[in-house]
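K.L.:
What follows is a predicted structure for the sequence shown.
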Amino acid sequence: MTTRRDFLKTGAAAAAGIVFCGCGLVHNAHAQQPRQKLPVTVNGQRVKTIDIHSHCHFREAGALLGTDAAKVQLPPVNGAAEAFVEIDKRLAAMDAQAVDMEVLSINPFWYDRDRDLAGQIVKIQNEKLAELCASKPDRFAAFASLTLQAPELAVQELETAVKKQGLKGAAIGGVVNGVEFSDPKFHPVWVKAEELGVPLFIHPQGVPELNKRLTGNGWLGNTIGNPLETTIALSHLIFEGTLDRFPGLKVIAAHGGGYLGSYADRSDHACLVGPKGCNAETKLKKAPTEYLKQIYFDSLIFTPEAIRHLAAQVGASQIVLGSDYPYPWQLAPVDHIFACASLSDDDKANILGRTAARLLGFAA
């Protein structure tokens, strides 16, 4: 077992200010394996490692929020300050993680703002993301922000981001002001994403309706709430027929897709047991679990056994590397994949970067 002292030897862990609490935190034995270094090779072949789940913020966008800026851009969590990217420091952190490229995204904090203010925030962020990526095109790519509460504007923003700014798709939340992504109002956005051939990265914001029950120790609003929101979002996309309507839509789900991959087979039985809870007019073209094989999932699920199970459920071809950096959820994302004995060398190479490279449209 990796000891507290062993873990704190990593500069990233110390810099993140990790606090060890009495909540049974145990590090897996695979962390003892030799750390991977750039360039990463699998079976003697070079692999460009691509972290598809990494975050940033821009002060210029926050300035539009006035006194709310600190609340949304600097939450009281480890790593928050590092979201304001200082390129040299971020590159050093990526090197320490053996990550060649980060795909940057910004968790939506503007869905509850009025259309004009949200549009201004998104415009600044997409311009700044494009500028940052252009400064180090071999190390950074990015998902655009979208004003999803105004779908017609989001369509324009997505087209501009991809065609003019070089961004690789868009990052979206798990719901927009209580409206699920399966709602027809969002169909024009999914049409545009299909047309452009770019992925949409779903990153949850939690389930505020459950805040009362999620109070107390353990940061349950995030620990449970975030993966639950992704589970709900994906389930609506499946059961409401959205993925049938848009078969070319490329969806990437953060945090391993929430809980869906761990209990997916229950979905195949729901309408058989409770047909009155299912709309007979929405006839899916295949079993609910089959739709998981057209969704992509990041690898931020912590253990080799979790990766093994997810790969068995959705296929290793559907998993991409993710760390959530600069938040210290997974500080050794590449090592994490090498520790998975259940994966073949091809599986590892694909997860580490080849699948993401195909999704984003550049060479691995």
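P.N.:
Now that the structure is in, tell me what you want to look at.

K.L.:
List the contacts of stretch 43-52.
P.N.:
Outside stretch 43-52, the residues that touch it by C-beta atoms under 8 Å, 6 or more residues apart in numbering are 38-41, 94, 97-103, 141, 201, 252, 298, 320-323, 325, 333-334, 345, 349, 352-354, 356-357, 360, 363-364. (Glycine included, C-beta is placed from N, CA and C.)

K.L.:
In this structure, where is pLDDT below threshold?
P.N.:
In the predicted model, the chain carries pLDDT under 70 at residues 1-33, 363-364.

K.L.:
Give me the outermost residue of it relative to its centroid.
P.N.:
residue 276 (33.8 Å; C-alpha atoms, centre = their mean).

K.L.:
Of the contacts of stretch 43-52, which belong to helices?
P.N.:
94, 97, 333-334, 345, 349, 356-357, 360 (DSSP state H).

K.L.:
how close does residue 308 get to residue 316?
P.N.:
9 Å (C-beta to C-beta, to the nearest Å).

K.L.:
Was I right to think residue 338 contacts residue 348?
P.N.:
Yes: here residue 338 reaches residue 348: they are 6.6 Å apart, a contact under C-beta atoms under 8 Å.

K.L.:
thinking again about what came up before, between residue 308 and residue 316, which has more neighbouring residues?
P.N.:
residue 316 (20 against 15; other C-beta atoms under 10 Å).

K.L.:
The more buried one: what's its closest spatial neighbour, skipping adjacent residues?
P.N.:
Leaving aside its sequence neighbours, residue 316 sits nearest to residue 347 (C-beta to C-beta, 6 or more residues apart in numbering; 4.0 Å).

K.L.:
The one you found should be in a helix, yeah?
P.N.:
Yes: counting by DSSP: H, G, I helix; E, B strand; the rest coil, residue 347 falls inside a helix.

K.L.:
Next one: it relative to residue 313, how far apart?
P.N.:
Counting by C-beta to C-beta, the separation of residue 347 from residue 313 is 14 Å.

K.L.:
what two of the ones in helices among the contacts of stretch 43-52 are the furthest from one another?
P.N.:
Maximum pairwise distance among these (C-beta to C-beta): 23.2 Å, between 94 and 345.

K.L.:
returning to what we had before: can you tell me which of the ones in helices among the contacts of stretch 43-52 has the most neighbours?
P.N.:
Of all the ones in helices among the contacts of stretch 43-52, the highest neighbour tally under other C-beta under 10 Å goes to residue 356, namely 29 neighbours.

K.L.:
how about that one, what does it touch?
P.N.:
Applying C-beta under 8 Å, 6+ apart, the residues contacting residue 356 are 50, 52, 103, 320-321.

K.L.:
number of nearby residues for residue 221?
P.N.:
18.

K.L.:
I meant to write residue 66 there.
P.N.:
Neighbours around residue 66, by other C-beta under 10 Å: 7.

K.L.:
again with residue 70
P.N.:
Look at residue 70: counted by other C-beta under 10 Å, it has 12 neighbours.

K.L.:
And for residue 98?
P.N.:
21.

K.L.:
wait, what's in contact with it?
P.N.:
35-38, 40, 49, 334-335.

K.L.:
out of those residues, which are inside strands?
P.N.:
residue 40 (DSSP state E).

K.L.:
Please check the contacts of residue 98 and keep the buried ones.
P.N.:
Among the contacts of residue 98, the ones that count as buried by 16 or more other C-beta atoms under 10 Å are 36, 40, 49, 334-335.

K.L.:
Nearest to residue 224 among those?
P.N.:
residue 335 (26.5 Å).

K.L.:
Apart from its neighbours in sequence, what residue is nearest the closest one?
P.N.:
residue 36 (5.5 Å).

K.L.:
Please look at that neighbour and residue 333 and confirm they touch.
P.N.:
No: using C-beta under 8 Å, residue 36 is not in contact with residue 333; the gap is 9.7 Å.

K.L.:
sorry, back to before: identify the contacts common to residue 308 and residue 316.
P.N.:
With C-beta under 8 Å, 6+ apart as the test, residue 308 and residue 316 both reach residue 343.

K.L.:
Grab the nearest non-local neighbour of the residue nearest the centre of the chain.
P.N.:
Most central in the chain under C-alpha atoms, centre = their mean is residue 254, positioned 3.2 Å from the mean C-alpha point. Setting aside the residues directly before and after it, residue 254 is nearest to residue 203 in space (C-beta to C-beta, 6+ apart), at 4.6 Å.

K.L.:
separation between the one you found and residue 284?
P.N.:
26 Å.

K.L.:
And for residue 134?
P.N.:
Taken as C-beta to C-beta, the span from residue 134 to residue 284 is 42 Å.

K.L.:
Can you list the buried residues in stretch 341-357?
P.N.:
Buried residues in stretch 341-357 (16+ other C-beta under 10 Å): 343, 347-357.

K.L.:
How about stretch 308-326?
P.N.:
309-311, 313-314, 316-326.

K.L.:
elements contacting the top helix by length along the chain?
P.N.:
Ranked by residue count under DSSP H, the longest helix found in the chain is helix 115-135. Using 3 or more C-beta pairs under 8 Å, 6 or more residues apart in numbering; DSSP states H and E as the contact test, the elements touching helix 115-135 are helix 59-62, strand 101-105, strand 140-142, helix 151-163.

K.L.:
Kindly reformat those as a markdown table containing mean neighbour count and distance to residue 72.
P.N.:
Below are these laid out as a markdown table (neighbours: other C-beta atoms under 10 Å; distance: least, C-beta to C-beta, whole Å):
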| stretch | mean neighbour count | distance to residue 72 |
| --- | --- | --- |
| helix 59-62 | 17 | 7 |
| strand 101-105 | 27 | 15 |
| strand 140-142 | 24 | 19 |
| helix 151-163 | 19 | 19 |
